[in-house]
Each structure stands twice: as C-alpha cells, then as structure tokens.
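A.B. asks: coords please:
(one chain, ligands or ions: 1)
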Amino acid sequence: METNTAQVAAMVKRYVEQLARLGVREFYIPREALVVKKNSKAERLKALEDKLRNCERCPLCEGRTQVIFGDGNPEADLVFVGEAPGRDEDIQGKPFVGRAGQLLTKMINAMQLKREDVYICNVIKCRPPENRDPLPQEIAACESFLIQQLDIIQPKVIVALGRFAVQSLLRDSTGITRLRGNWRDYHGIPLMPTFHPSYLLRNPAGKRPVWQDLQEVMKKLGIPVPGENGKSSKES
Ligand code: SF4
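C.D. replies: Got it, this is the predicted structure:
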C-alpha cells in the first residue's frame, strides 16, 4: 500500500511521542523511511481521465458519445499522438480503432512492438462532427490534457501523426510534408513527425517514407531494424 505525505507525518509524530514517553530524547530515523512513494503513472493517468470524463471546455462535448482519453502502456517508451477520434473511436471508447487504427497497429507491429507496448492518444479528445478538422479554438481548449498526459508518461520518443498533431505539439505551421522525417524536440523528448495513417489509406505511396521515419524511431529506441546492417536507412 502506498503512503502519502500526511500519513508519513502522522506516523513520525506517533513514533516521536512514543519515544518521548519512554524517556528517549535522541533517536535516529533512516532517511529511506521518510521517502514518500509517488502515485504510479497509471494512477495519475486514471485521475486525469476521470477529471476529463465530463469535460465541457469546448462545443465538441455536445456531439460526442464519450471522451476518448488514450490507450496503452502508461510506462511506454513510445507515444503516438494523432489528431482526433473518429466515428469508430467515439463508439468504442478507444483511439485508433477504425481502418486508420488497424493500419497504425500494423505499423507498430512492423516496429517489432505490440499496441500494449506503446501509448496512443490524440490532441483532441472528442469527435468533431462529420470527422471535420478540429478548429483552432478546440485544439486550444483540449491540448492542455495532452500536455499533462505526456508529462506523466515521459516517453523516450513521441511520434506525431499528421499535420494537426505536429503543429499542435511543435507550434510550427510548416506543412507536414516538409516536417516529416526530421527529429524535433518536445520539451526534451525527441519527436518524429510523420504522416497520419488516414492519409496513408488515401495515399499508399506515403507508406514508404513513413516506414523510413519509423525505422529512425526504432534506432532511437534501440530496436533492431530488420535488414539493417549498421547503416542508417537515410544513408542507404
Ligand atoms: S475536445 Fe477536449 S476540451 Fe473539448 S470537450 Fe472534449 S475533452 Fe473537453
């Protein structure tokens, strides 16, 4: 069972009072005994998700079935950030579960990982009507939740999927075609911008550059790249 600061203070007080009653005036408390264990990442994410469940910060709350907070491993080294939930996500309550989600799962598997190994979320947590692009004011209202999620997880690498995720995280209005494939920095965390799986469904030719981007991510995470013999894919 975890112990919070107030409980530790009460325990120490009782201990000191007992010693005083026994006539002990000097005593030693090991430093480790005073270390307060922080809540786990999973608990902190759950607390944030609970806070968000009834969010009405922007008009997207009116049309949603539910808030789509995020899914995956709270201890993940790798976080994928997309744009916003679509119809399938709104119904099922998880990010990236439609056709684009299935493609993302294949991309993750190609990286020698499983979905349970990574964490997946979106900039916007409620489905925009008719799957339209999120409005700037909706992004502004919602992105603090994403910032908190990333702050809790502290991944080693972030992959930003598509223009909205990249522009929201980097505050950079450069087009995704120019941004993709180049490492950027998000508060000290390496961030790889790449195309959104929905774009790849419409433009299969984009899969090749995305795979190059994901190979760079694998190298950053120390995952062996299939067929790689010590040379960077960008060099070959
Ligand atoms: S999109 Fe974000 S800010 Fe808007 S209602 Fe949903 S959770 Fe709240």
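A.B. asks: Residue 86 reaches residue 129, doesn't it?
C.D. replies: No: applying CB atoms under 8 Å as the test, residue 86 and residue 129 come out as separate, 11.2 Å apart. Placement of C-beta: from N, CA and C, glycine included.
A.B. asks: Which one of these two is surrounded by more residues?
C.D. replies: Just comparing residue 86 and residue 129: by other CB atoms under 10 Å the higher neighbour count belongs to residue 86, 22 against 10.
A.B. asks: The more buried one and residue 114: what is the separation?
C.D. replies: Computed as CB to CB, to the nearest Å, the residue 86 to residue 114 distance reads 22 Å.
A.B. asks: Show me what the strand or helix carrying residue 178 is in contact with.
C.D. replies: Take DSSP states H and E as the rule and residue 178 turns out to sit in helix 176-179. Applying CB atoms under 8 Å, 6 or more residues apart in numbering, the contact partners of helix 176-179 are 162-163, 166, 170, 172, 193, 195.
A.B. asks: Which positions in the chain make contact with the ligand?
C.D. replies: Proximity of the chain to the ligand, by CB under 6 Å from any ligand atom, involves residues 52, 55-58, 60-61, 67, 124-126, 138, 141-142.
A.B. asks: okay, now residue 147: neighbour count?
C.D. replies: Residues within reach of residue 147, counting by other CB under 10 Å, total 14.
A.B. asks: Okay, domains of the chain per the record?
C.D. replies: The chain is divided into the following domains under automatic domain parsing: 5-34, 41-221.
A.B. asks: Can you list the buried residues in stretch 45-60?
C.D. replies: Within stretch 45-60, the residues that count as buried by 16 or more other CB atoms under 10 Å are 45, 48, 52, 55, 57-58, 60.
A.B. asks: which residue ranges form the helices in this structure?
C.D. replies: 5-21, 41-52, 87-92, 99-110, 136-153, 162-170, 176-179, 197-202, 207-221 (DSSP state H).
A.B. asks: Where in the chain is the helix or strand with the lowest mean pLDDT?
C.D. replies: Lowest on mean pLDDT, DSSP states H and E among the helices and strands of the chain sits helix 5-21, with a mean of 67.
A.B. asks: Let me see the contact set for residue 55.
C.D. replies: Contacts of residue 55 by CB under 8 Å, 6+ apart are 61, 67, 125-126, 145.
A.B. asks: Of those residues, select the buried ones using a ChimeraX command.
C.D. replies: Entered in ChimeraX, the line below selects the buried ones among the contacts of residue 55, by 16+ other CB under 10 Å:
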select :67,125,126,145
